[in-house]
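Student: Model the structure of this input:
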Amino acid sequence: MLPKLLQPIRSHLDDILAPFKQAESLHADLLDLIPQQILDALVLAWHHEPLSYQSHAKQKRYHQHERQQWLDFAEGLLDNQFVSLKALVFENLDSIVQASSLVEMVNAFIRPYLNSSKGQITQATLNLIMFYHNHRRYKNGRRQGQAPIELVPHRHEHTVSSQTPLNQAILEPCTESDSPWTPMEAEAA
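Tutor: Numbers count the residues shown, from 1 in each chain. I've put the predicted structure just below:
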């Protein structure tokens, strides 16, 4: 029975491990530009940054302190190149898609609605949940005060998808004509 249960996981193993391959490639590219010791310090500083947003008082101070310690260490070794190399490393690390985190966030967001509807959720209700999620404003963190819909390029900006790297592609928001539901259905939901 166990081999039968594991077969779907084995067939998607390459997809599951894709973020690790991306991180390995990124690490190798950065090592061509930055010595190992400095790169490690910048990666550790980057790692502590989101944790300082997500944590509460005591842990928040710990992560802020650790982040600053690693940044000070790297700055001491880099002198005048620190700002540009820190920006390069942080930007590259931010570009890594953490798919499982995204899926977990969406599942956690939708789960209360699914539980309350006893599995009888309609497409119109899912569209309403999607609308709410895209328009609610973040209460804290880096994107505080912004809504997800504000963070994507709009159609009138003429973004060309062939110029956008695959790992940075963002879906454009739907217009009213693209929406599969009408305002009347939204009110009914």
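
Student: how long is stretch 6-20 end to end?
Tutor: Counting by Cα to Cα, to the nearest Å, you get 21 Å between the two ends of stretch 6-20.

Student: And that stretch, what's buried?
Tutor: Buried residues in stretch 6-20, counted by 16 or more other Cβ atoms under 10 Å: Pro19. Every residue, glycine included, has its C-beta placed from N, CA and C.

Student: This protein: strands as residue ranges?
Tutor: With DSSP state E as the criterion, the chain has no strands.

Student: longest helix of it?
Tutor: The longest helix of the chain (DSSP state H) is helix 57-78.

Student: so what does it touch, helix or strand wise?
Tutor: With contacts defined as 3 or more Cβ pairs under 8 Å, 6 or more residues apart in numbering; DSSP states H and E, helix 57-78 has these neighbours: helix 36-54, helix 82-94.

Student: need those in a markdown table with mean pLDDT, can you?
Tutor: Formatted as a markdown table, these follow (pLDDT from 0 to 100):
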| stretch | mean pLDDT |
| --- | --- |
| helix 36-54 | 89 |
| helix 82-94 | 91 |
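
Student: So if we follow the domain assignment, how does the protein break up?
Tutor: Domain segmentation of the chain under automatic domain parsing yields 16-94, 122-188.

Student: How far does the longest one sit from its chain's centre?
Tutor: In terms of Cα atoms, centre = their mean, to the nearest Å, the gap separating the centre of domain 16-94 from the centre of its chain is 16 Å.

Student: Return the most buried member of the domains of the chain.
Tutor: domain 16-94 (a mean of 14; mean count of other Cβ atoms under 10 Å).

Student: any chance of the domains of the chain in TSV, plus distance to Met105?
Tutor: Compiled in TSV, the domains of the chain are given as follows (distance: least, Cβ to Cβ, whole Å):
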stretch	distance to Met105
domain 16-94	12
domain 122-188	10
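
Student: Lowest average pLDDT across those?
Tutor: Lowest mean pLDDT within the domains of the chain: domain 122-188, a mean of 62.

Student: now stretch 77-95, how far from the chain's geometric center?
Tutor: 20 Å.

Student: returning to that earlier point: the longest helix of the chain vs helix 36-54, what angle?
Tutor: Here helix 57-78 runs at an angle of 150 degrees relative to helix 36-54 (axes from the mean of the first three to the mean of the last three Cα atoms, to 10 degrees).

Student: For helix 57-78, which outside residues touch it?
Tutor: 35, 37-38, 41-42, 44-45, 48-49, 51-52, 55, 82, 85-86 (Cβ atoms under 8 Å, 6 or more residues apart in numbering).

Student: and the angle for it with helix 82-94?
Tutor: 130 degrees.

Student: hang on, the earlier thing: can you tell me which of the contacts of helix 57-78 lies nearest to Arg143?
Tutor: Glu49 (13.3 Å; Cβ to Cβ).

Student: now the closest one, nearest residue through space, not along the chain?
Tutor: Arg67 (5.6 Å; Cβ to Cβ, 6 or more residues apart in numbering).
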